[in-house]
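Engineer: Following is a predicted model, sequence given first.
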Amino acid sequence: MKRPNHLRFFLVLVVGFLSSFAPGLLYGQSTSGLVTGTVKDPSGAAIVGATVQIQNVASGYTRDTITDQQGNYRFSNVPFNPYQVVVHARGFNVASEALDVSNPVPVVVPFSLTIGSSTEVTVKSGPEMVENDPTFHADIDRSLIDRLPTESASSSLISIVTLASPGVAADSNGLMHGLGDHAENSFSLDGQPITDQQSKVFSNEVPADAVQSMEVIDGAPPAEYGDKTSLVVKITTRSGQGVKTPTGDIRLSYGSFGTSHLGFNTAVGGDRWGNFITASGLESGRFLDGPEHAVFHDKGNEENVFDRLDYNFTPRDFIHINAQYTRSWFQTPNDFENLNVTDENGNVVGNTDQKSKIGTFNIAPDYTHLISDKTVFNLGFYVRRDAYNYYPSSNPLADFAVDQQQESIQQDRSLTNSGLHADVTSQQGINSIKFGAVYEQTFLRENDYIGIVDPTITPSCVDTTGAPVACTATGATANPNVNPILLPYDLTQGGNYYGWHGRADVKQLALYGEDEIKAGNWLFNLGLRGDFYNGLTTQRQAEPRAGISYNVKQTGTVLRVSYARTQETPFNENLVLSSNGCANTVLFNIFATLSDGACATDTPKATPFDPGFRNEFHAGFGQAIGSHFAFNGEYIWKYTHNAYDFSVLGTTPITFPIEWHNSKIPGYALSATLRDVHGLNATFNASSVAARFFTPQLGGVGATPYSTNTEAILPFRIDHDEKFNQTTHVEYHMPFRKSLWYGFNWRYDSGLVAGAAPCYNPNGANTDCDPSTAITMPNGQPGIDLSGLSYDQQFQAGLTCDGVAATPYKGFVSCDVAGLKSKLLSLPAPNTEDADKNPSRIAPRNLFDMSLGDENIYHLGSSGRYRFGATVTAINVTDKYALYNFLSTFSGTHYVTPRTITGELVFHF
């Protein structure tokens, strides 16, 4: 049967849209709205110079403008949210109006002021603090982004999402786990879908300086969102439209580990156009989170530029273009085993020196056409390319690490994502209807070069004990078990790198329709999405979405429930190698040598991924108390067939997607907001998620967790499961000096699962404890064989045996069960470990960050437009010694950032 041509179908659909109203090529964008109106006096005459303010109390979003000669005001690029518009004019009473910006259809709010002298207005509570919305989400505005103490300028966007929204478990190197899933997150950048990973070991994210606001969707996603939907981050970037005087700032900072950062941004525009640009450069001696608390071989730098251009051709036609280029270069952090590496003859070959370079390019033109006062059309194109290069040590034998990395690896891969999206939104009475389509094609190109650097894998000759020796050595005999397939690629015996080249084009088409119905205190969000995936495998999925909320106005309460069926697509990073690598005889034999990355097959064959599907249910409520405080809670239940995760290759940042039979993820998310009480603002976010995955492994390169019956469908907690986490952020503006502020973060994590931690439960029915490590000590007591962990790994885990601590160069071959302890891991008591009910975990940790800043230390001129500010930020102020993870299948071992102090000077103009 001939497959349908998805691109042709999509183009026919777009042409049908276009032909209804406009000729030629159009571009589009639909993630923000327009609020406009006219301010008049009682006689109907225009009021010139009236001050108009739009604000959302919950998110902190506030903008001001003044009316023109015709009394008109205009707010463009307004993020979707409810707002209050307040008008002040000398000699008139203050007027206010509540409105809701929920789609790109312009919202017109006229004002007729009454004569008076009032100078104050009371902003009502209700939808401003708790939205009547079936979809649970968090709103993050520029006002919070500017003052939230964050760890790294190279991954500040994900740090902000982690700290300021519920349901996110923190991990190393900008990785985040949204509601129990790893990397099942997507970003909607002014309408452009980005579903590939954005952590700094995979890609270069959008600079946080370019963001005006974010809406982080934790609830059931509406029909317009697909692909990766466990957490959807909807971003509205900053615009220069209407900024008639160039406005921006220049920032210079320096801090611990030699971290320096220089950046600037500026916005300028007129009534019909605008441009916003930001550029920065970063250099650091601790670019990534390392496998040791000590910092060495961890230098990196990043340079980026982002530009947004807006232009109104006519009052009904608007073009918007985003462009970004970012380059990062960084070393792979070493551990102590990577120092003074020796070859098979005991000769020192130097330190491991592996490095990465990532170049990210993105351009996305969009066009918006106002068909009528109630209907808007959008069409957008985008091309985004990540080029990733991984470089081995100049002496490949220096890449060898006992029990960690047996290969020297070089990689050159690219991920090019191109597509177009179109949608029509129409506001018809109580209905807000949206129909849309997205077609995208992802071009994957993977080039890998692998050579064996472990002399014990396939030596040509051995001595009488079976140890590898040179064939010229006395007593050497030919190794009867030599692997002839791997021998040509054994670099310890003069072999060469093996080159593997893979490519694939992944085509995806999505069609959706949704209707938001407002009926009194009720709000219904009904939708249907169809996803067509055509990659290394194919799948079609129909996905109904539904949400209902009810606003109990008398008590300020919003009740909500929602449901979504979603298609879960495979990760694109190293997808071709993970799908087809096990069919390659050489790679199959290489993978078979890995302790944590074997093919999940007995003979060479491909292990492709079938897209999964998920049913998820949400129920929750929101409660406003007065006009300054709101609380939201949500219960989540997600069931996924064919669930995804990653497996890491050695000590590199190269990971393979893998697929499990299914997953069940129940949990809850909480948030609370306190806004502007005498200069005090606070947010609280918390969550508890059980990430229960089920064997067997269905596809990809990776390790199946040990159990007494690996073929049975048994549950285990994957290493992004966390019982509880919370973040509290407090911000206070000094009453005696409004420009002086103090910010404080408190982050608590109960600890991710650490399945590779040593444990004792030889008779467990469903345990990660390997029964072969259960031994009897010389004194007859039960013990654990620790020889599978190197001394340095024991040190990284913080292990002690009968009060003696492991060091990087001295540890334990075994330890009695009662005497094995850890200050960095939570080890289950003997015979109690269960992969589902009671797994080993990272020890709980409390982290504290703070900032102190003054935005107007000194200003030039009486207007105060040109002013200098300064900020001091301290991350992990107590210098907590803690782990993010330990021998995680998707990233390895990493320590939490030690205490860092950064000073910043800024010039505002």
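Structural biologist: Nice, I can see it.

Engineer: Break down the stretch 651-800 of the chain into its strands, ranges please.
Structural biologist: 655-677, 680-689, 692-700, 715-717, 722-733, 740-749, 774-776, 782-785, 799-801 (DSSP state E, counting those that start in this stretch).

Engineer: Could you list the low-pLDDT ranges of this structure?
Structural biologist: Low-confidence regions of the chain, defined by pLDDT under 70, span residues 1-30, 118-128, 152-154, 594-598, 600, 650, 702-712.

Engineer: Run through the helices of it in chain order.
Structural biologist: 6-19, 142-145, 156-164, 575-580, 585-591, 791-796 (DSSP state H).

Engineer: Mind listing what's buried along the shortest one?
Structural biologist: In this case it means helix 142-145. 142, 144-145 (16 or more other C-beta atoms under 10 Å). No exception for glycine: its C-beta is placed from N, CA and C like everyone else's.

Engineer: Output it as CSV, nothing but the C-alphas.
Structural biologist: Output in CSV follows, covering the C-alpha atoms of helix 142-145 (Å, rounded to 0.1, in the frame of the first residue of the first chain):
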residue,chain,number,x,y,z
ARG,A,142,10.0,38.8,33.5
SER,A,143,9.6,40.4,36.9
LEU,A,144,10.5,37.0,38.5
ILE,A,145,13.0,36.0,35.9
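
Engineer: could I get the buried residues of helix 142-145 as JSON lines with distance to residue 135?
Structural biologist: JSON lines is the format used below for the buried residues of helix 142-145 (distance: C-beta to C-beta, whole Å):
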{"residue": "142", "distance to residue 135": "22"}
{"residue": "144", "distance to residue 135": "20"}
{"residue": "145", "distance to residue 135": "22"}
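
Engineer: and which of the residues you listed is nearest to residue 33?
Structural biologist: Relative to residue 33, the closest of the buried residues of helix 142-145 is residue 142; by C-beta to C-beta it sits at 16.8 Å.

Engineer: tally of neighbours for the nearest residue to the closest one once chain neighbours are set aside?
Structural biologist: With sequence-adjacent residues excluded and distances taken as C-beta to C-beta, 6 or more residues apart in numbering, residue 142 is closest to residue 212, at 5.5 Å. Residues contacting residue 212 under the criterion other C-beta atoms under 10 Å number 21.

Engineer: wait, doesn't residue 212 sit right on residue 240?
Structural biologist: No. Counting by C-beta atoms under 8 Å, residue 212 does not reach residue 240; the two are 11.3 Å apart.

Engineer: Distance of the closest residue to residue 458 other than its chain neighbours relative to residue 459?
Structural biologist: Once flanking residues are discounted, residue 458 sits nearest to residue 483: 4.1 Å by C-beta to C-beta, 6+ apart. Counting by C-beta to C-beta, to the nearest Å, the gap between residue 483 and residue 459 amounts to 10 Å.

Engineer: quick one, which of the two is more surrounded?
Structural biologist: Shown here are residue 483 and residue 459; by other C-beta under 10 Å, residue 459 has more neighbours (26 against 17).

Engineer: any chance you could map the strands in the stretch 1-150 of the chain?
Structural biologist: 32-40, 51-56, 61-66, 72-79, 81-88, 95-101, 107-108, 111-112, 137-141.

Engineer: most tightly surrounded among those?
Structural biologist: Of all the strands of the stretch 1-150 of the chain, strand 137-141 carries the top mean neighbour count, a mean of 23, counting by mean count of other C-beta atoms under 10 Å.

Engineer: Remind me what that one packs against, helices and strands.
Structural biologist: helix 156-164, strand 211-217 (3 or more C-beta pairs under 8 Å, 6 or more residues apart in numbering; DSSP states H and E).

Engineer: so which of these comes closest to residue 682?
Structural biologist: Smallest distance to residue 682 across those (C-beta to C-beta): 11.9 Å, for helix 156-164.

Engineer: That closest one vs strand 740-749, what angle?
Structural biologist: 80 degrees (axes from the mean of the first three to the mean of the last three C-alpha atoms, to 10 degrees).

Engineer: Touching helix 156-164 from outside, list them.
Structural biologist: 138, 140, 144-145, 148, 150-152, 168, 170, 174-176, 198-199, 205-208, 211, 214, 216, 231, 233, 683, 685, 727, 729, 745, 747 (C-beta atoms under 8 Å, 6 or more residues apart in numbering).

Engineer: Could you quantify the relative orientation of it and strand 655-677 as an angle?
Structural biologist: 60 degrees.

Engineer: Can you name the residues that contact residue 265?
Structural biologist: So residue 265 contacts 209-210, 238, 248-249, 276-279 (C-beta under 8 Å, 6+ apart).

Engineer: any idea how far residue 213 is from the closest residue to residue 81 other than its chain neighbours?
Structural biologist: Leaving aside its sequence neighbours, residue 81 sits nearest to residue 56 (C-beta to C-beta, 6+ apart; 5.0 Å). Applying C-beta to C-beta, the value for residue 56 to residue 213 is 9 Å.

Engineer: Show me the beta-bridge partners of residue 869.
Structural biologist: Here residue 869 sits in beta bridges with residue 906, going by DSSP bridges.

Engineer: I'd say it and residue 859 touch.
Structural biologist: No. Residue 869 lies out of contact with residue 859 (C-beta under 8 Å); the separation is 9.6 Å.

Engineer: With neighbour numbers in mind, choose between these two.
Structural biologist: residue 869 (20 against 16).

Engineer: ok so, going back, touching, the residue nearest to residue 458 and residue 460? I think so.
Structural biologist: No. Using C-beta under 8 Å as the test, residue 483 is too far from residue 460 to be in contact (10.3 Å).

Engineer: hang on, the earlier thing: of the strands of the stretch 1-150 of the chain, which is nearest residue 476?
Structural biologist: strand 137-141 (65.6 Å).

Engineer: Number of residues surrounding the closest residue to residue 737 other than its chain neighbours?
Structural biologist: Nearest residue to residue 737 in three dimensions, chain neighbours excluded: residue 854, at 7.4 Å (C-beta to C-beta, 6+ apart). Counted with other C-beta under 10 Å, the neighbours of residue 854 add up to 18.

Engineer: wouldn't residue 854 be in contact with residue 740 here?
Structural biologist: Yes. Counting by C-beta under 8 Å, residue 854 touches residue 740, with 4.7 Å between them.

Engineer: so how far is residue 787 from residue 773?
Structural biologist: The value you get for residue 773 to residue 787, if C-beta to C-beta is used, is 8 Å.

Engineer: Show me what residue 319 is bridged to.
Structural biologist: With DSSP bridges as the rule, residue 319 is bridged to residue 311, residue 367.

Engineer: got the contact list for it?
Structural biologist: For residue 319, counting by C-beta under 8 Å, 6+ apart, the contacting residues are 27, 309-311, 313, 365-368.

Engineer: For PyMOL, what selects the buried ones among those residues?
Structural biologist: PyMOL command restricting those to the buried ones, with burial defined by 16+ other C-beta under 10 Å:
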select buried, resi 27+309+310+311+365+366+367+368
